[in-house]
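Enquirer: What would the 3D arrangement of this be:
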Amino acid sequence: MRTHDSVSILIFNTSRQCFVVVKQFRPAVYMCEMERHQPQDFQHKDQECWYPVANPIPAASGVTYELCAGIVDNPELSLEEIACKEVLEECGYDVPISDLKRITSYRSGVGVTGSKQTMFYAEVTDQMKTGEGGGQPEEGELIEVIEIPLQDSMKFAFDENFPKTMGVIFSFMWFQNHRAQEQLEK
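Expert: Have a look, this model is predicted:
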């Protein structure tokens, strides 16, 4: 399977001392949860014969917390330009390219796709908020912008009651190692 490479952005709002992440429904997560909770509905199903599930689980079972992110699908834009565009579309902040810091890049989905994700860090202020965010509904995006207070971030990162991507956990740990002291001194 081949997928696009992508960018992700750890956003920290210095005005409110919180991380800005997104919460969205992921069909693949929902189906995994559905099969986990109701395996009997999947035992005798195959791709050629599918029947509706009698008692579906709540849609919230397919919701995950993620970093703002987007696919690299426009060769005319740099990774930084794509990252800034995603921050504006998904979270509503207008971030200049010069304010992005590249954290690292890594392979994601290595068991299936092996695509590369490049992670950036951006500090924002309330004054940089120019829109609501929420993604682009015409592209099927239904994104809720969520703020995680800095003081609660590590508890959130390891609380399994909040389904999240590894990018959230890694980036919060990166922040603790590279930026937290600086924020405390401000």
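
Enquirer: Lowest-scoring secondary structure element of this protein by mean pLDDT?
Expert: helix 180-185 (a mean of 80; mean pLDDT, DSSP states H and E).

Enquirer: any residues touching that one, and which ones?
Expert: Helix 180-185 is contacted from outside by 12, 14, 17, 150, using Cβ atoms under 8 Å, 6 or more residues apart in numbering. Where C-beta positions appear, they are placed from N, C-alpha and C, glycine not excepted.

Enquirer: Pull out the buried members of those.
Expert: 12, 150 (16 or more other Cβ atoms under 10 Å).

Enquirer: Could I get the full set of strands for this structure?
Expert: Taking DSSP state E as the test, the strands found in the chain are 6-13, 18-25, 63-66, 68-71, 100-108, 115-124, 143-149.

Enquirer: Just the closest of the contacts of helix 180-185 to residue 100, please.
Expert: residue 12 (12.2 Å; Cβ to Cβ).

Enquirer: Highest mean neighbour count out of the strands of the chain?
Expert: strand 6-13 (a mean of 24; mean count of other Cβ atoms under 10 Å).

Enquirer: Give me the mean pLDDT for that strand.
Expert: Strand 6-13 shows a mean pLDDT of 98.

Enquirer: please begin residue numbering at 35 from this point
Expert: With 35 as the first residue, the last one maps to strand 40-47.

Enquirer: Restricting to C-alpha, output it in CSV.
Expert: Taking Å, rounded to 0.1, in the frame of the first residue of the first chain, the C-alpha atoms of strand 40-47 are listed here in CSV:
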residue,chain,number,x,y,z
SER,A,40,2.8,13.9,5.8
VAL,A,41,3.5,16.7,8.2
SER,A,42,2.4,17.1,11.8
ILE,A,43,2.6,20.2,14.0
LEU,A,44,2.9,20.4,17.8
ILE,A,45,1.2,23.7,18.6
PHE,A,46,1.7,25.5,21.9
ASN,A,47,-0.4,28.5,22.8
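
Enquirer: so how far does stretch 161-180 reach from one end to the other?
Expert: Chord length of stretch 161-180, first to last residue, is 17 Å (Cα to Cα, to the nearest Å).

Enquirer: Also stretch 115-133?
Expert: From start residue to end residue, stretch 115-133 stretches across 11 Å - Cα to Cα.

Enquirer: List the buried residues for that stretch?
Expert: So, applying 16+ other Cβ under 10 Å, buried residues of stretch 115-133: 116-118, 120-127, 129, 133.

Enquirer: rewinding a little: including distance to residue 209, could the strands of the chain go into JSON lines?
Expert: Shown next, in JSON lines, are the strands of the chain (distance: least, Cβ to Cβ, whole Å):
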{"stretch": "strand 40-47", "distance to residue 209": "7"}
{"stretch": "strand 52-59", "distance to residue 209": "8"}
{"stretch": "strand 97-100", "distance to residue 209": "15"}
{"stretch": "strand 102-105", "distance to residue 209": "15"}
{"stretch": "strand 134-142", "distance to residue 209": "9"}
{"stretch": "strand 149-158", "distance to residue 209": "8"}
{"stretch": "strand 177-183", "distance to residue 209": "11"}
